[in-house]
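[1] Just need the structure, nothing else, for what follows:
(one chain, ligands or ions: 1)
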Amino acid sequence: MASTLKDSYGRAIRDLRVSLTDRCNFRCFYCLPHGEPPIAPKEQMLSYEEIEYVCEIFVSLGIEKIRLTGGEPMMRRDIETIIQKLSALKPRLHDLALTTNGYFLPDRARGLKEAGLDRITISLDSLKRNVFKEMTGVDVLDRVLAGIEAAKRAGLEPIKINAVIVRGHNEDEVADFAAFAREHDVKMRFIEFMPLDSGHEWSRADVVSGHEIRERINERFPLIPISIDRGSETASRYGFADGAPGEIGIIAPVTEAFCGACSRIRLTADGQIRTCLFSTVEHSLRDVIRTGATRSETVDYIEGVVLRKEPRHYINDPHFVAPSRTMSFIGG
Ligand code: SAM
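    Below is the predicted model:
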């Protein structure tokens with residue numbers, strides 16, 4: 001029977017997000033507005049063997065869900081090997097998921113499925129070619145749409161689609177995204193813009209609230225809440241009142257914080273544990289395992305770090321300090 005990682009507020013930690021790389025082939029203005037920061041030396045990054053080693057320990061401590069992310073995780077050439085190794089941790093590991101910008105999926109979705117991936121989340125910020133290019137810095141909307149189709153064909157369902165909604169860019173597309181969810185039977189996730197951009201140019205005025213997103217959808221497609229008990233899920237979930245396929249999820253960390261039920265910790269590509277998206281401190285698991293710690297010392301270290309998990313984020317406090325690393329380094 002697996003033990004359970006608990007923080008000092010009694011929250012059970014069951015979800016681990018693992019960033020596989022800081023590198024990204026997109027330049028989303030809300031994440032990397034000034035291009036890619038200098039690439040960290042390869043030797044600072046965790047190897048796939050190290051990722052496998054620490055993930056096995058995390059799973060033995062009660063982690064049930066691992067989401068691979070980045071940067072763009074599919075830029076890591078050994079991603080299929082990593083998935084294969086991690087999928088050997090099932091059934092103790094219940095769920096192995098990936099978040100990707102979708103660019104590489106047309107050719108590689110099937111390989112991910114064969115390696116053992118359970119589920120996929122694909123980012124898609126606009127359905128209009130010019131807006132997609134303006135938001136992501138790359139003119140590849142058609143390729144991402146083909147990636148979504150390839151993921152479906154490969155059986156990586158249910159597919160989630162992430163859209164960050166930013167004032168003046170894509171809030172007019174919210175209901176169109178809902179129509180896309182209905183037509184393609186996907187789970188659309190709308191995310192509030194968070195202060196995690198590398199330029200530190202985030203402004204509250206650019207945030208389109210979860211409330212507004214819900215209203216915009218409701219006007220065209222009335223919604224009904226799916227579950228009252230949300231558990232540790234980041235999204236509040238809705239179905240369509242007319243019974244159409246597809247699902248809506250609204251992730252509103254800025255205006256409807258859900259820290260009280262947080263079950264997540266993160267591991268960066270260079271092996272740092274982050275106990276909150278907005279942590280200003282990191283804990284080097286990499287240094288621990290590379291300096292010869294035994295397994296039980298590593299377990300003690302992880303348990304100690306988890307006890308220092310923050311009670312909540314401080315986005316809405318006057319003295320909020322944005323983390324120095326951007327989402328591309330932290331792993332979204
Ligand atoms: N490259 C992959 C992708 O595009 O999905 C995975 C990494 S990306 C950092 C993970 C998610 O974080 C994406 O859905 C992205 O839109 C979201 N994200 C990045 N910066 C954000 C911000 N400042 N506010 C809200 N969401 C953000």
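[2] Are we agreed that residue 238 is in a strand?
    Yes: under DSSP: H, G, I helix; E, B strand; the rest coil, residue 238 sits within a strand.
[3] Now do the same contact list for it.
    Residue 238 makes contact with 214, 217, 223, 224, 225, 226, 247, 248, 249, 250 under the criterion C-beta atoms under 8 Å, 6 or more residues apart in numbering. In short, each C-beta sits where N, CA and C put it, glycine included.
[4] buried subset of the residues you listed?
    Those of the contacts of residue 238 that meet the buried threshold are 214, 217, 223, 247, 248, 249, 250, by 16 or more other C-beta atoms under 10 Å.
[5] Kindly state the pLDDT recorded for the nearest residue to the second one once chain neighbours are set aside?
    Distances taken as C-beta to C-beta, 6 or more residues apart in numbering place residue 178 nearest to residue 217, at 4.6 Å, with adjacent residues excluded. Taken from the predicted model, the pLDDT recorded for residue 178 is 98.
[6] can you list contacts of the helix or strand of the chain with the lowest mean pLDDT?
    Across the helices and strands of the chain, the lowest-confidence element by mean pLDDT, DSSP states H and E is helix 327-330, at a mean of 78. Helix 327-330 has contacts (C-beta under 8 Å, 6+ apart) with 19, 22, 24, 31-32, 36-37, 70-71, 194, 196-198, 266, 268-269, 274, 277, 323.
[7] Can you tell me which of the residues you listed are buried?
    By neighbour count, with 16+ other C-beta under 10 Å, the contacts of helix 327-330 hold 19, 22, 24, 31-32, 70-71, 194, 196-198, 266, 268-269, 274, 277, 323 as buried.
[8] The one helix or strand residue 300 maps to packs against which elements?
    Here residue 300 sits within helix 295-306, counting by DSSP states H and E. Here helix 295-306 touches strand 5-6, helix 48-60, helix 285-290, going by 3 or more C-beta pairs under 8 Å, 6 or more residues apart in numbering; DSSP states H and E.
[9] Looking at the ones you listed, which is nearest to the ligand?
    The minimum distance between the ligand and the helices and strands packed on helix 295-306 falls on helix 48-60, with 16.2 Å, by C-beta to the nearest ligand atom.
[10] what's near enough to touch residue 312?
    Here residue 312 is in contact with 257, 259, 260 (criterion: C-beta under 8 Å, 6+ apart).
[11] redo that, cut-off 10 Å
    Shown in contact with residue 312 (C-beta atoms under 10 Å, 6 or more residues apart in numbering): 9, 257, 258, 259, 260, 262, 276, 278.
[12] Among the contacts of residue 238, which one lies nearest to residue 65?
    Nearest to residue 65, judged by C-beta to C-beta, of the contacts of residue 238 is residue 249 at 15.9 Å.
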